[in-house]
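Asks: Sequence and predicted structure are below.
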Amino acid sequence: MTSRRPLIALHACAAVLVAVSLLVTLRTGVEERPVALAFGVLIAVGELSLPHCRRSSGGTPTGEPGPREAAPLGAAGSLSYALLGEHAGHATHHGVAQVVSVVVAASLLGSVPRFARGQGPVLDHLVRRVLAVGFTAVCFQPLYNHAVFDRWSGPAYALLLIALLVLTVLCDAVVAAALAHSRTCWPFAPLLRDELRSVPGIGSAVCATGAVMALAVAVAGLWALPVFSVPLLLTQYSLRRYAAVRATYRQTIASLARATEIAGYTPAGHARRVAALSQAVGRDLGLTEPELTVLEYAALMHDIGQLSLVDPVPAGATAGLPVAEQRRIALLGGAVVRQTGASAQVATVVERQADPYPEQPVAARIVRVVNAYEEKVRDAGPGGPLTALEQLRLGTGGDYAPEVVEALARVLGIKGAAPWGYRPGVQAWGSPGRGAG
């Protein structure tokens, strides 16, 4: 229940803000309707461009990094409307309530196709959008309407808008991390760190475009909206292409990892189970998204060196082999990984699986522990998980890193079962459904 409280609180805040804004707008009417309509269309178009089956934050379902803000045009249009003080040289009179109402209506309209197809976690995305826009509008509209910013002009006014947007993006990162933490039970600190690391990327583009749109509409009118939307659309297209390339690369790695299963060296689904559980342990230990990606690829490829064996190891269980043989298989696996074009970090993790754990990188420690657990739990009977964990704890004196074994125990102990798609002995795959961004 404790982990759900931030989720409930954030959803309640967004719901109250939307309800109050709609009531005030219905009572007072819509000011500058052409302006409101133009921004509403822009926001709706931006929401329609949200990619299918992707998370907007907190990572992706497979651990693959993806755009943190999946609909940057909608975000930039929403923030720009919240910072709009003039239109073609004439002062505007819309307030916080109208800003929130227009953004909510346009966002819901743009989300209709996703609602119809049942694709993507739309509610959290809308909550983030409402809270971010509400925060910006509250910080700007009342002060602007009371002439507090009259002394600000030229570059100083532009810097003021950018500063407000940067503050909004930072607050949105906290909200996104809190929502992801509530839904996944992953540690909050690494989730927040991943969100903040993404701010200089697409976050900076959204801030710059939102500020420029607000300034340009104030001078040139609504014609500035389509003009300044083009650069952000091109940026969004480039990010989509990059994400598609990364997804294809991951699929290639997963296909290569199945070679040992097809050849009969390892049980079906072993690499995927090890990768899924390794990512869960990595999350518990606070690894960042780039580190989780390296961990995932290394876990998928950890047994690839067995293809060099003339006689397969029974059930692919390398944990019981002599240390010298484990190291030979690991080194051969690392050589194969380097030939695939994977990063040197992935190859290093595969090569160092059999090293003494104090000398291993964290990812190699995790793969070693999880692989051993997966092998031991298969033949341990009804009490398999507990028996396998006890055997791993007995080996923490020299074979397995104690902090990794305890992290594995915490992961397996959530609600009495292994979370995030992992089931011992079953071909299951995946972590809770990002983002993977």
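Replies: In hand now; what should we look at?
Asks: any chance you could map the strands in the stretch 251-400 of the chain?
Replies: Shown for the stretch 251-400 of the chain, no strands are assigned by DSSP state E, counting those that start in this stretch.
Asks: where exactly do the helices run in it?
Replies: 259-262, 270-284, 289-301, 323-339, 344-351, 362-378, 384-394 (DSSP state H, counting those that start in this stretch).
Asks: and of the ones you listed, who's closest to Ser238?
Replies: Checking these against Ser238 by C-beta to C-beta gives helix 289-301 as the closest, at 19.3 Å. Placement of C-beta: from N, CA and C, glycine included.
Asks: just checking, what packs against that closest one?
Replies: Judged by 3 or more C-beta pairs under 8 Å, 6 or more residues apart in numbering; DSSP states H and E, helix 289-301 is in contact with helix 224-257, helix 270-284, helix 323-339, helix 344-351, helix 362-378.
Asks: Kindly export the fourth one (C-alpha atoms) in CSV.
Replies: Listed in CSV are the C-alpha atoms of helix 344-351, where the atom choice follows Å, rounded to 0.1, in the frame of the first residue of the first chain:
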residue,chain,number,x,y,z
ALA,A,344,33.2,-3.8,-25.2
GLN,A,345,31.4,-3.5,-21.9
VAL,A,346,29.1,-6.4,-22.8
ALA,A,347,32.0,-8.6,-23.9
THR,A,348,33.9,-7.8,-20.7
VAL,A,349,30.9,-8.8,-18.5
VAL,A,350,30.7,-12.1,-20.4
GLU,A,351,34.4,-12.8,-20.2
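Asks: Mind listing what's buried along it?
Replies: Gln345, Val346, Ala347, Thr348, Val349, Val350, Glu351 (16 or more other C-beta atoms under 10 Å).
Asks: want to throw those into a markdown table with distance to Ile43 and pLDDT?
Replies: A markdown table is the format used below for the buried residues of helix 344-351 (distance: C-beta to C-beta, whole Å; pLDDT from 0 to 100):
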| residue | distance to Ile43 | pLDDT |
| --- | --- | --- |
| Gln345 | 40 | 89 |
| Val346 | 40 | 89 |
| Ala347 | 45 | 88 |
| Thr348 | 46 | 88 |
| Val349 | 43 | 89 |
| Val350 | 46 | 88 |
| Glu351 | 50 | 88 |
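Asks: Please identify which of those residues is nearest to Glu86.
Replies: Gln345 (51.1 Å).
Asks: Touching, the closest one and Leu292? I think so.
Replies: No: under the criterion of C-beta atoms under 8 Å, Gln345 makes no contact with Leu292, lying 12.0 Å away.
Asks: what separates stretch 408-415 from the chain centre, distance-wise?
Replies: Relative to its parent chain, stretch 408-415 has a centroid offset of 22 Å by C-alpha atoms, centre = their mean, to the nearest Å.
Asks: For that stretch, list every residue counted as buried.
Replies: Leu408, Ala409, Val411, Leu412.
Asks: Which pLDDT does the model give the third one?
Replies: At Val411, the predicted lDDT confidence score is 86.
Asks: Next, count neighbours for Val20.
Replies: By the measure other C-beta atoms under 10 Å, the count of residues near Val20 is 15.
Asks: Save the buried residues of helix 344-351 as JSON lines, and put in distance to Leu10 too.
Replies: Shown next, in JSON lines, are the buried residues of helix 344-351 (distance: C-beta to C-beta, whole Å):
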{"residue": "Gln345", "distance to Leu10": "35"}
{"residue": "Val346", "distance to Leu10": "36"}
{"residue": "Ala347", "distance to Leu10": "41"}
{"residue": "Thr348", "distance to Leu10": "40"}
{"residue": "Val349", "distance to Leu10": "37"}
{"residue": "Val350", "distance to Leu10": "40"}
{"residue": "Glu351", "distance to Leu10": "44"}
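Asks: which stretch among the helices and strands packed on helix 289-301 comes nearest Ala189?
Replies: helix 270-284 (11.2 Å).
Asks: and Val102, how far is that from Met213?
Replies: In this view, Val102 and Met213 are 15 Å apart by C-beta to C-beta, to the nearest Å.
Asks: same question, Gly398
Replies: 61 Å.
Asks: out of those two, which sits in the more crowded spot?
Replies: Met213 (26 against 8).
Asks: Cross-check the contact I'm expecting between Glu359 and Arg352.
Replies: Yes: the criterion here is C-beta under 8 Å, and Glu359 meets it with Arg352 at 7.4 Å.
Asks: Looking at those two, which one has more neighbours?
Replies: Set Glu359 next to Arg352 and count neighbours by other C-beta under 10 Å: Arg352 wins out with 23 against 9.
Asks: Apart from its neighbours in sequence, what residue is nearest Gly305?
Replies: Counting by C-beta to C-beta, 6 or more residues apart in numbering, Gly333 is the residue found nearest to Gly305 once chain neighbours are left out, at 2.9 Å.
Asks: Equivalent analysis for Gly264, please.
Replies: In space, and not counting its chain neighbours, Gly264 is closest to Pro312: 6.1 Å by C-beta to C-beta, 6+ apart.
Asks: what's around that neighbour, how many residues?
Replies: Pro312 sits with 14 neighbouring residues when counted by other C-beta under 10 Å.
Asks: which residues does it contact?
Replies: Pro312 makes contacts with Ala263, Gly264, Tyr265, Gln306, as judged by C-beta atoms under 8 Å, 6 or more residues apart in numbering.
Asks: before we move on, what about Glu261?
Replies: Per C-beta under 8 Å, 6+ apart, neighbours of Glu261: Pro267, Ala268, Gly269, His270, Ala271.
Asks: Repeat the analysis, applying 7 Å as the threshold.
Replies: Residues near Glu261 by C-beta atoms under 7 Å, 6 or more residues apart in numbering: Ala268, His270.
Asks: and what of Glu374?
Replies: His270, Arg273, Val274.
Asks: Just the buried subset of these, please.
Replies: Among the contacts of Glu374, the ones that count as buried by 16+ other C-beta under 10 Å are His270, Arg273, Val274.
Asks: what bits of the protein have low per-residue confidence?
Replies: 1-3, 50-70, 118-121, 310, 315-317, 319-320, 379-383, 396, 414-437 (pLDDT under 70).
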